[in-house]
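Q: Sequence and predicted structure below; questions after.
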Amino acid sequence: MYNDIKNLLPDNILFFDEPLKKHSTFRIGGSADLLVAPQTEEQLEVLFKYINDNAVRYVVIGNGSNLLFRDEGFRGIVVKLGSEFSGISASECAGGMLLSAKAGTLLSKLAFFAAENSLTGLEFAAGIPGNVGGAVLMNAGAYDGEIAFVLKESRFFDTKNLCFGIKTYDEHDFSYRHSSYQDDGLIILSATFILKTGDKEEIFSKIKDLNNRRTSKQPLEFPSAGSTFKRPEGYFAGKLIEDSGLKGYCKGGAMVSEKHCGFVINTGDATCEDVLCVIKYVQDTVFEKFGVNLETEVKIIEA
């Protein structure tokens, strides 16, 4: 299957029968038929011409920090931007600096780059495990900060028309854990952020404080996809789950974290089905006790 793609793209970016647990912070998932890691925009164009011409099923992933792959893997092509789609550049602007980061750049790396250059606004992002592309896609946030507060614009690839473009701030249609990229299927290639000049020591002090809070309150020692559920309006998901008596509830290798009930964790050998069973039980129990619907923040990739 897909043998003809070998004539179009170099072998070193093609990974057949690739285990998807290697590409998810949950460390769960079967194998993909093919994972392609384009290193150039030209390779991206060639790949999607092939996908379009052959009506191939595909999914685009980033760092895999908010994904859950099925145990059966993925029947189709998984697209993951290669290492060349990573990097940061800076330029001056009125009142501060513009930081441009390629989509594959780790968000934490961008936050620390900003701090080293005495730029404030990304402190909240220093402990978020995703990359820049995923962060813009999801309007990632933590501790009263979010991408929407600092983004200027982003550059994208249109997979259908095989062309490139730029989204202005308003075109992102940001809301809680949402951007227009979730609806239009465009691939984020880079993003530009507006940051203000601040005191370097104060910036690093804030990062240290936030990361200490994360370490003390979140089960970072276990594989997970971060917060499993979106914050319901007027409530906190973790408190609702704890008040429902579900701390430590488990099914197979999946468990509601005893450290933070908003996290479903992989204790070592969890399957996707284990995680989904825990999620469903938590949702049903919380709704029965409090009448609140918990929506998942983690994205389930169907086989």
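A: Thanks, I have the structure now.

Q: wait, what's in contact with the residue nearest in space to the middle of the chain?
A: Relative to the mean C-alpha position of the chain, the nearest C-alpha, by C-alpha atoms, centre = their mean, is the one of Gly134, at 4.0 Å. With C-beta atoms under 8 Å, 6 or more residues apart in numbering as the criterion, the residues that contact Gly134 are Gly62, Asn63, Ser65, Asn66, Leu107, Ala140. Using the backbone N, CA and C atoms, a C-beta is placed for each residue, glycine as well.

Q: Distance from whichever strand or helix holds it to the middle of the chain?
A: Under DSSP states H and E, the secondary-structure element containing Gly134 is helix 132-138. Distance, stretch centre to chain centre, for helix 132-138: 6 Å (C-alpha atoms, centre = their mean, to the nearest Å).

Q: pLDDT of it, averaged?
A: In this model, helix 132-138 has an average pLDDT of 94.

Q: ok, then the element right after it?
A: Per DSSP H and E, the first helix or strand lying C-terminal to helix 132-138 is strand 141-142.

Q: List buried members of the contacts of Gly134 by neighbour count.
A: Of all those considered here, the ones buried according to neighbour count by 16 or more other C-beta atoms under 10 Å are Gly62, Asn63, Ser65, Asn66, Leu107, Ala140.

Q: Double-check that the third one belongs to a strand.
A: Translated: Ser65. No. Under the criterion used here (DSSP: H, G, I helix; E, B strand; the rest coil), Ser65 is coil, not part of a strand.

Q: and Gly133, how many neighbours?
A: By the criterion of other C-beta atoms under 10 Å, Gly133 has 28 neighbours.

Q: give me every residue that touches the residue lying closest to Asn63 once chain neighbours are set aside.
A: Ranked by C-beta to C-beta, 6 or more residues apart in numbering and with sequence neighbours excluded, the top spatial neighbour of Asn63 is Asn131, at 4.4 Å. The contact partners of Asn131, by C-beta under 8 Å, 6+ apart, come to Gly62, Asn63, Ser65, Ser86, Ala103, Gly104, Thr105, Leu106, Leu107.

Q: Let's see that with 6 Å instead.
A: Contacts of Asn131 were listed using C-beta atoms under 6 Å, 6 or more residues apart in numbering, and they are Gly62, Asn63, Gly104, Leu106.

Q: What pLDDT is listed against the second one?
A: Put plainly, it is Asn63. At Asn63 the predicted local distance difference test score is 88.

Q: Distance check, it against Lys22.
A: Look at Asn63 and Lys22: by C-beta to C-beta, to the nearest Å, they are 12 Å apart.

Q: What is the nearest of the contacts of Gly134 to Glu202?
A: The shortest distance between Glu202 and any of the contacts of Gly134, using C-beta to C-beta, involves Leu107 and amounts to 20.5 Å.

Q: show me what contacts that closest one?
A: Ala125, Ile128, Gly130, Val132, Ala135.

Q: and it, what are its phi and psi?
A: Phi and psi for Leu107, reported as degrees, to the nearest 10, are phi -60, psi -40.

Q: quick one: it and Phe287, what's the gap?
A: In this view, Leu107 and Phe287 are 33 Å apart by C-beta to C-beta.

Q: likewise Val36?
A: From Val36 to Phe287 the distance is 40 Å (C-beta to C-beta).

Q: who's more crowded, those two?
A: Applying other C-beta under 10 Å to Val36 and Phe287 shows that Val36 carries more neighbours, namely 25 against 14.

Q: What residues of stretch 3-14 count as buried?
A: Judged by neighbour count using 16+ other C-beta under 10 Å, the buried positions of stretch 3-14 are Ile5, Leu9, Ile13, Leu14.

Q: actually stretch 82-100, not the one I typed
A: Gly82, Phe85, Ser86, Ile88, Ala90, Gly96, Met97, Leu98, Leu99, Ser100.

Q: show me what contacts the closest residue to the third one other than its chain neighbours?
A: By that I understand Ser86. With C-beta to C-beta, 6+ apart as the criterion, Ser86 has its nearest non-adjacent residue at 4.1 Å, and that residue is Gly104. Contact partners of Gly104, counting by C-beta under 6 Å, 6+ apart, are Leu81, Phe85, Ser86, Asn131.
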